[in-house]
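S.K.: I would like the atomic coordinates for the input below:
(chains A, B, C and D)
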4 protein chains.
Amino acid sequence: MASSDRTYSGKEVALHNSRESCWIIVHGKVYDVTDFLDDHPGGSKIILKYAGKDATVEYDPIHPPDAITTNLKPEKHLGSVDLATVEKVKVTITDEERARQERIAARPPLSEILNLHDFEAIAKHTMPEKAWAYYSSAADDEITNRENHAAFHRIWFRPRILKNVTKVDWSTTILGQKSSMPLYITATALGKLGHPDGELNLTRAAAKHGIIQMIPTLASCSFDEIMDTAAPGQVQFFQLYVNKDREITKRIVQHAEQRGIKGLFITVDAPQLGRREKDMRQKFEAEDPSEGAARAISSFIDPGLDWSDMAWFKSITKMPLILKGVQCWEDALEAYDLGLNGVVLSNHGGRQLDFARSGIEVLVEVTSKLKEMRGLSFPNEKFQLFVDGGVRRATDVMKAIALGATAVGVGRPFLYAYSAYGPEGINQALQILHDEFEMNMRLLGARNIKEVVAGMVDASNIHLHMVSVPADNLYESNYERLQGARLREIKNKL
Amino acid sequence: MASSDRTYSGKEVALHNSRESCWIIVHGKVYDVTDFLDDHPGGSKIILKYAGKDATVEYDPIHPPDAITTNLKPEKHLGSVDLATVEKVKVTITDEERARQERIAARPPLSEILNLHDFEAIAKHTMPEKAWAYYSSAADDEITNRENHAAFHRIWFRPRILKNVTKVDWSTTILGQKSSMPLYITATALGKLGHPDGELNLTRAAAKHGIIQMIPTLASCSFDEIMDTAAPGQVQFFQLYVNKDREITKRIVQHAEQRGIKGLFITVDAPQLGRREKDMRQKFEAEDPSEGAARAISSFIDPGLDWSDMAWFKSITKMPLILKGVQCWEDALEAYDLGLNGVVLSNHGGRQLDFARSGIEVLVEVTSKLKEMRGLSFPNEKFQLFVDGGVRRATDVMKAIALGATAVGVGRPFLYAYSAYGPEGINQALQILHDEFEMNMRLLGARNIKEVVAGMVDASNIHLHMVSVPADNLYESNYERLQGARLREIKNKL
Amino acid sequence: MASSDRTYSGKEVALHNSRESCWIIVHGKVYDVTDFLDDHPGGSKIILKYAGKDATVEYDPIHPPDAITTNLKPEKHLGSVDLATVEKVKVTITDEERARQERIAARPPLSEILNLHDFEAIAKHTMPEKAWAYYSSAADDEITNRENHAAFHRIWFRPRILKNVTKVDWSTTILGQKSSMPLYITATALGKLGHPDGELNLTRAAAKHGIIQMIPTLASCSFDEIMDTAAPGQVQFFQLYVNKDREITKRIVQHAEQRGIKGLFITVDAPQLGRREKDMRQKFEAEDPSEGAARAISSFIDPGLDWSDMAWFKSITKMPLILKGVQCWEDALEAYDLGLNGVVLSNHGGRQLDFARSGIEVLVEVTSKLKEMRGLSFPNEKFQLFVDGGVRRATDVMKAIALGATAVGVGRPFLYAYSAYGPEGINQALQILHDEFEMNMRLLGARNIKEVVAGMVDASNIHLHMVSVPADNLYESNYERLQGARLREIKNKL
Amino acid sequence: MASSDRTYSGKEVALHNSRESCWIIVHGKVYDVTDFLDDHPGGSKIILKYAGKDATVEYDPIHPPDAITTNLKPEKHLGSVDLATVEKVKVTITDEERARQERIAARPPLSEILNLHDFEAIAKHTMPEKAWAYYSSAADDEITNRENHAAFHRIWFRPRILKNVTKVDWSTTILGQKSSMPLYITATALGKLGHPDGELNLTRAAAKHGIIQMIPTLASCSFDEIMDTAAPGQVQFFQLYVNKDREITKRIVQHAEQRGIKGLFITVDAPQLGRREKDMRQKFEAEDPSEGAARAISSFIDPGLDWSDMAWFKSITKMPLILKGVQCWEDALEAYDLGLNGVVLSNHGGRQLDFARSGIEVLVEVTSKLKEMRGLSFPNEKFQLFVDGGVRRATDVMKAIALGATAVGVGRPFLYAYSAYGPEGINQALQILHDEFEMNMRLLGARNIKEVVAGMVDASNIHLHMVSVPADNLYESNYERLQGARLREIKNKL
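M.R.: Okay, here's the model as predicted:
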């Protein structure tokens, strides 16, 4: 992209500080964004706050480095600035931020983190609120978001005994690629909100632990940065939001293939990114009228994508094609019949349609119907099933495997891991999962992933969506709870 | 109605301040209510409080303007009063009222209201207590009231993908009339309790958003006031409580038809208005022995109404006839066989018989049985099904549509919207619903209302009325909840 | 019984104040209880506390007036005492008692009591603790006790519309006797614990409201006192605990028949009275080692009673014979085959075997099986089914009637009514039930009790004994509840 | 084992206080553990804390007396020490410990303990935290741990009436041995953590009450100590963890048989001992990096044990062979087909695989399938079924018996009983169970254990693993709970 090589002084830039003429500085370059103000997905207000100033700090965690150069016409790339002459943006440390820094200092040592829940517990209190709101929020009343986890609790184990489980092996292959565990790091957006290295934390940890990362379209790091960070031979997948402009999509897909991506996961559950009220409400507290980060960054996604596009995808790439976000057997069947390579049974982490069922529930329906209608058995090399959403324990993964999934995607827990503890956090998270797999493979009586079979789980209650009859508050306020033995004069802790 | 044109002085009126001779002033007119005291549905005590005085402020939110002239014989309409000579009723502002005014001032700006729940959250704290008690109360233990909402949570979506959802359209027709959404404003009584403009707020908002208002018999505004406020061509329905005196009913119905009402919804679930204990209890706090607003205003309703009256209704009007308050398939079938135009599956917002099932549950039974017995499929132009009760999200509406309803009635949320924020509140409420429809139509994979079909929902648990086995308190008080990672010396927020 | 007519002085009696020679005064008579000390069901300690003194105040609420004369040999009835010479037992009013008196003074006026729950709410705070413990306690973990109420919540209504319900009549006949409601006052022990008039409160209220009282074997008032208090023609039933000594039982039964009792309810679920830990724990607080009131008074009950006794009962009385405490269809069938007149499906208010099912659940099983095996339909004149336990609303009663019961027994709520408000309390309780019946008969669309039929309820979930999977506390402590709109700087009431 | 008979002085020993040369004193003997440091299952750190010192106090509750002599080569047994010359290990009493001592003093008298829950309530507050953490902890989220108890609550009784229950007898035979109740004390490790007499408390109480103790491999007391403590003729079982070195196992088994053990329970659900996070977290609070007591003591267990080992067991002993930890019918069937004598349906108290089903649930599946496939009925003399986990009441036991179990294992409650109250505690616990059996046999209508049959329970919901749909927090925070009658100006206790 042709950028002028003129160098401006900070003073010069500072004059363009209004809606009429609005320049900003990002990474030492000067851009004229006057005409772009109304097109900015995040609204004009946030840009105007930095009119005539250096916006890098605000820009970085929300945008990949090349976002501005990609979206702004070349003639608006005005040139460089002499950073020495630019007035520093005064960063006032709020009381809230100071309190957060204190909480960061009070984190327990990483060795005391025992499970994936623990990372979330610490991240909740140590991440910037905005980042927490973006990562943790979900659609409407967040029913589906929580159901994703709860659904695993309706599946129980039928462990087998007296197998020689001296050696247990939970490695597997996913789309023909080796993985040290039957899970992959699924795509999540805006990785830098939680840590300045963003998605690179995931890339490095995936390499170290022999698992596969799915690179998101909406990464904070650029695709090439991530690919460049990968270890030699490291396997990666790519998650694709399809652009209204198919040429852009074609370019992205073919570039991904060229760089060695081993599987293309096309997101089909997000023709429009969801309303996530916690995220939106967080904005209000910051008196910022925009609609939350999610919608700001997603206006390019094409709601017109349909089944007829699938042939085109097959024509532009040889990568395995997987649909991410399938939610009923009818669509899984269609994907199979069209010759695609698999589907991710997913509701986008509960961030899209509330009351969508969990992926693990849909899995039961899909394997049963595809067996009935096409005679397929799962796991199946030719047409692989994946599940994501709500996973917190190796046992959750093992339930999905027993029910026919090839592997399971895990997203938020890894974000929380590095948001709370940086790169060491995600290493620890993966180590914990390895420990849990070793233990639970043994206890389930399975020596390898092929031995984790349907007979080892009872999923007969998976379709029960129960709501208790509303409480009879008058009756219950009269009922006096039984009081057991107590210490004299010492109140029971409860 | 012949009213004397004599003009009294305030002093003169003030002499008639006892049970023996009781005059009151309403809207500048003087009435002799001595003989009416014992017939007043709200009891004599509340009238005697204003004996010899101006009762307008107390009268207005509870009665339509013409209530007094309709109910009092013409000879008791004594004439006018010179208002300048009337002693002002001293309104003492209580501490409680002062606190309420402070809460009103502390409302968040309307732009921060994100969903229908939010209006209720604000209205609860800013409405007069009496109004809150009347609007929110329900029968007995309010089990059905809450079940109405909870039942929607037993229905889950089966969204379809890869439809071209660039354009989505959630408009529909209801009884042959266009509506911008598959919902209507259902009838609710005493609209002025929440805002001085009462039902007119709803009329204006309905016009603006292209939806249909159902005008209640027990409106605080008179029927004609509401009709006069309607925009040209605005479609409205009318909800009818049938009077013991059928001539009065005939007059009301034919007047409604004449003024252009497009559908007559005859309430059949309220031969007597329910005991709503929250409403009754609120009265006690005000040391007022009456039985709550509901029963006070409803003594005219005929508990003798029965199926044989239906032929008569068909003889007096050509408006579509719909029964409001059907609660089992047997009665829906009867309505169909009698040639009526539809039924509202409703339990009166949980305000009548506690443990009546929710409309959405009855819908599943009705469509199944009417298909079995009469070969009907739904939605059905000839015999339309409606549901009301418990709706808070566009997804709730879409569940009902998928299951065969033509449209859904929404009541309390709109009352809360204007009670909390006036006319702008209800505009915002409708705008939110439009936003939710747009998003969720896309996410469900339906381009228009016809594409919202039964296969898109899983309602297989709708008939589960579950109550957990009572808690084992001794066991649970011993069980020590797992404690996850925590910040050192900083207590977990939970 | 021959009692000496000697008159003692208080001083004389006071000498016999030890385990070696222990005399007590009750109602002005002197008794030598030295030999009886170890036979006293309530233990010797409580008697010794009154050795040589007047024990009337302690004696009265626990024993019928004739208990001491019946249980003590005639030669131990020493004669009268000159009460003027007896030192008054100093009653120290404890701080706790003073606080209770204050709470009694703070009761809301009876007109503000709106439902049966309300009586319990007030009684809990105003009754003596011992009385509350005895009335409210139940077996083991009190699971069945609460299930009795909860089970009604698994039954929902299918109301019918457009019946002419101008007149509704909820009177019925029970064992051929008229009753103004389809319920009766069931037998409960120790009525004087809650009010000095004990069971007489119930007798009088039953007369006034035209309902039937079942007189308990373990009444605080004597059987004849109760019969003497009854109004002319008042119908009463009798509940029988069968004595190990059948001659005593025969005498009691024939005396009851002679005095006009219209039905004999033989308790069969209490071969031994239950361990009620709340009652027992209350004793510890009072540093009294006895096992709670229940077991103290019940040692005479015969655990050897069996089916073969039924022929004998038929030989000694012509009263209708009903078994109280049947809990499965097999035993109901046996009772029918033996020619008995009915059964009460009951678990003794949850006071005997914990995890016994509720009567209302057993009712569904019994009607279904007796239809299948003997072709019976219910309600049935020849073999009547009753249910008790957990009833708080007229709707609870109506559910039982719809499912085939002839009538329902109500116990604790009436005790709480008179314990909280004396005789007026129970009048109000019955009036509330009448009001609820009137309203709910109309709303259900039933003009009389015969029209309350099985099609009006959905009891399809009655056999579901569900327990939620234990909570995932780590996950839930991480999940941040959605926060809706709030007033600025004013905390949400919740 | 040859131990040097040299006697050292404390000073001499104290010189060996480093990783380079590390001696410790246990029970007056000196050991050189330098080479053993890295092999110590509990880690080297805890040993080094006592380098050169007397470690007896720390050693005792975790190890059987012979652990050190068994695990350390004879040449490292250096000899004796003159204890008078050994510097006392200063035991600083922490504030926490002082508070615990106060709580111990505040225990209610044993006579006020009414049920098994009560022991746990007191033990929780009076045991050392470490002991509480070890005894009460379970796997992962402790879902299975709590499900074990909860599952009993899905089983309800169908009691029979009018049996002559004057005499009831709940004794039975287990593996041909008499037991006064249909339960046995199951094996649990590290008994001395709760009380210095450890498992001997159980041995003595078992003798006194005529029940059977299962001696654990991981007892704090040595096997022979326990056997020596047993009363003449007292029946005991033995629980076996199979050692990687089968010769050791053979020696242990044959020694057990020789000493009169009447049943060998081979644990098959613990190829590796579980991760119990509460236990692990407790260690962190003590700044001790080891992985919790459980894993420290279990490294010898052979994960290679498999079905082919069963023939070998039959070749080395004539004791009845029972598999402990069977969790599905397939494995129970295999055990039967191999001619074993029974299985314990158990998930190791929820301490191994989370989401394993409860033993009581598996029992229903096993009896049904073994009847279907081998025509077996239960209880069955030849192939006996046992259940453990979650038992707190005699009713829990009776449910298992009704469903076909021969007897039920009870573990933690007895540990809590003696941890809270010493040997008297466990006597009281057993007495309470006897009382509960007597009462509940009568109330169920069973005169002996054979009469406790399947028709007496409704277990139709046992396989329901339900999870409520996640709460709609916005709706619920708006819903205003009904408020019943209250005392004026006196806040409701709730």
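
S.K.: could you say which helix or strand holds whichever residue of the stretch 51-200 of chain A sits closest to chain C?
M.R.: Nearest to chain C in the stretch 51-200 of chain A, going by C-beta to the nearest C-beta, is A:His117, at a distance of 4.0 Å. Yep, even glycine has a C-beta here, placed from its N, CA and C like the rest. Using DSSP states H and E, A:His117 sits in helix A:116-126.

S.K.: name the next helix or strand downstream of the helix or strand of chain A with the lowest mean pLDDT, please.
M.R.: Within chain A, no helix or strand scores below helix A:293-296, which has a mean of 60 by mean pLDDT, DSSP states H and E. Next in sequence after helix A:293-296, counting helices and strands by DSSP H and E, comes helix A:309-316.

S.K.: got the residues of the stretch 251-400 of chain A near chain C?
M.R.: With C-beta under 8 Å from any C-beta of the partner chain as the criterion, the stretch 251-400 of chain A comes near chain C at residues A:Glu277, A:Lys278, A:Arg281, A:Arg392.

S.K.: excluding its backbone neighbours, what's nearest the second one?
M.R.: It stands for A:Lys278. For A:Lys278, ignoring the flanking residues on the chain, the nearest one in space by C-beta to C-beta, 6 or more residues apart in numbering or on different chains is A:Ser137 at 3.9 Å.

S.K.: if I look at that neighbour, how far off is A:Asp279?
M.R.: 4 Å (C-beta to C-beta, to the nearest Å).

S.K.: let me see the domain layout of chain A.
M.R.: A:7-85, A:116-458 (automatic domain parsing).

S.K.: lowest mean pLDDT across the ones you listed, which one is that?
M.R.: Across these, domain A:7-85 has the smallest mean pLDDT, namely a mean of 88.

S.K.: what's the end-to-end length of that one?
M.R.: With C-alpha to C-alpha, to the nearest Å as the measure, domain A:7-85 spans 11 Å from end to end.

S.K.: what of stretch A:228-241?
M.R.: Using C-alpha to C-alpha, the end-to-end distance of stretch A:228-241 comes to 22 Å.

S.K.: wait, does it contact chain B?
M.R.: No: using C-beta under 8 Å from any C-beta, we find that stretch A:228-241 stays clear of chain B, coming within 13.5 Å at best.

S.K.: circling back: export the residues of the stretch 251-400 of chain A next to chain C to TSV and tack on secondary structure?
M.R.: As requested, these are arranged in TSV below (DSSP: H, G, I helix; E, B strand; the rest coil):
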residue	secondary structure
A:Glu277	helix
A:Lys278	helix
A:Arg281	helix
A:Arg392	coil
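
S.K.: that older thread, and the domains of chain A, which is most packed in?
M.R.: domain A:116-458 (a mean of 22; mean count of other C-beta atoms under 10 Å in any protein chain shown).

S.K.: confirm for me that A:Gly10 is in contact with A:Asp82.
M.R.: Yes: assessed by C-beta atoms under 8 Å, A:Gly10 is found in contact with A:Asp82 at 6.9 Å.

S.K.: can you pull the residues of the stretch 151-300 of chain A lying near chain B?
M.R.: Counting by C-beta under 8 Å from any C-beta, the stretch 151-300 of chain A sits next to chain B at A:Val268, A:Asp269, A:Ala270, A:Pro271, A:Gln272, A:Gly274, A:Arg275, A:Glu277, A:Met280, A:Arg281, A:Phe284, A:Pro289.

S.K.: in CSV, list the residues you listed along with secondary structure and distance to chain D.
M.R.: Supplementary listing: those in CSV, determined by DSSP: H, G, I helix; E, B strand; the rest coil; distance: C-beta to the nearest C-beta, whole Å:
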residue, secondary structure, distance to chain D
A:Val268, coil, 25
A:Asp269, coil, 20
A:Ala270, coil, 22
A:Pro271, coil, 25
A:Gln272, coil, 22
A:Gly274, coil, 16
A:Arg275, coil, 14
A:Glu277, helix, 9
A:Met280, helix, 14
A:Arg281, helix, 11
A:Phe284, helix, 16
A:Pro289, coil, 22
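
S.K.: next, format those residues as TSV and append distance to C:Val366.
M.R.: TSV is the format used below for those (distance: C-beta to C-beta, whole Å):
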residue	distance to C:Val366
A:Val268	54
A:Asp269	51
A:Ala270	55
A:Pro271	56
A:Gln272	57
A:Gly274	52
A:Arg275	53
A:Glu277	51
A:Met280	56
A:Arg281	54
A:Phe284	59
A:Pro289	65
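
S.K.: list just the nearest of the residues you listed to D:Leu340.
M.R.: A:Asp269 (51.5 Å; C-beta to C-beta).

S.K.: need the contact list for the closest one.
M.R.: Each residue near A:Asp269 by C-beta atoms under 8 Å, 6 or more residues apart in numbering or on different chains is listed here: A:324-327, A:346-348, A:352-353, A:356, B:159, B:161, B:443.

S.K.: please write out the alpha-carbon positions of the host helix or strand of A:Met214 in CSV.
M.R.: Per DSSP H and E: A:Met214 is located in strand A:212-215. Output of strand A:212-215 as CSV, limited to C-alpha atoms (Å, rounded to 0.1, in the frame of the first residue of the first chain):
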residue,chain,number,x,y,z
ILE,A,212,-3.9,-27.4,17.0
GLN,A,213,-4.9,-23.7,17.1
MET,A,214,-7.8,-22.4,15.0
ILE,A,215,-6.9,-18.9,13.9
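
S.K.: can you list the residues that contact it?
M.R.: Strand A:212-215 is contacted by residues A:174, A:177, A:179, A:184-187, A:199, A:202-203, A:206, A:223, A:226-227, A:235-239, A:261-263, A:265, A:409 when judged by C-beta under 8 Å, 6+ apart.

S.K.: just those residues: which are in strands?
M.R.: A:Ile174, A:Gln177, A:Ser179, A:Tyr184, A:Ile185, A:Gln236, A:Phe237, A:Phe238, A:Gln239, A:Phe265, A:Gly409 (DSSP state E).

S.K.: surely the first one touches A:Ala407?
M.R.: The one in question is A:Ile174. Yes: applying C-beta under 8 Å as the test, A:Ile174 and A:Ala407 come out as touching, 4.8 Å apart.

S.K.: okay, and the common contacts of these two?
M.R.: A:Pro182, A:Tyr184, A:Gln384.

S.K.: just the residues you listed now: which is nearest A:Ile449?
M.R.: Using C-beta to C-beta, A:Pro182 comes nearest to A:Ile449 of the shared contacts of A:Ile174 and A:Ala407, at 5.6 Å.

S.K.: any idea which residue of the stretch 1-150 of chain A lies closest to chain B?
M.R.: For the stretch 1-150 of chain A, C-beta to the nearest C-beta, closest residue to chain B: A:Asp118, 3.7 Å.

S.K.: beyond the helix holding A:His117, next helix or strand please.
M.R.: With elements assigned by DSSP H and E, the helix or strand that comes after helix A:116-126 is helix A:129-136.

S.K.: quick check: angle from that next one to helix A:116-126?
M.R.: In terms of direction (axes from the mean of the first three to the mean of the last three C-alpha atoms, to 10 degrees), helix A:129-136 departs from helix A:116-126 by 150 degrees.
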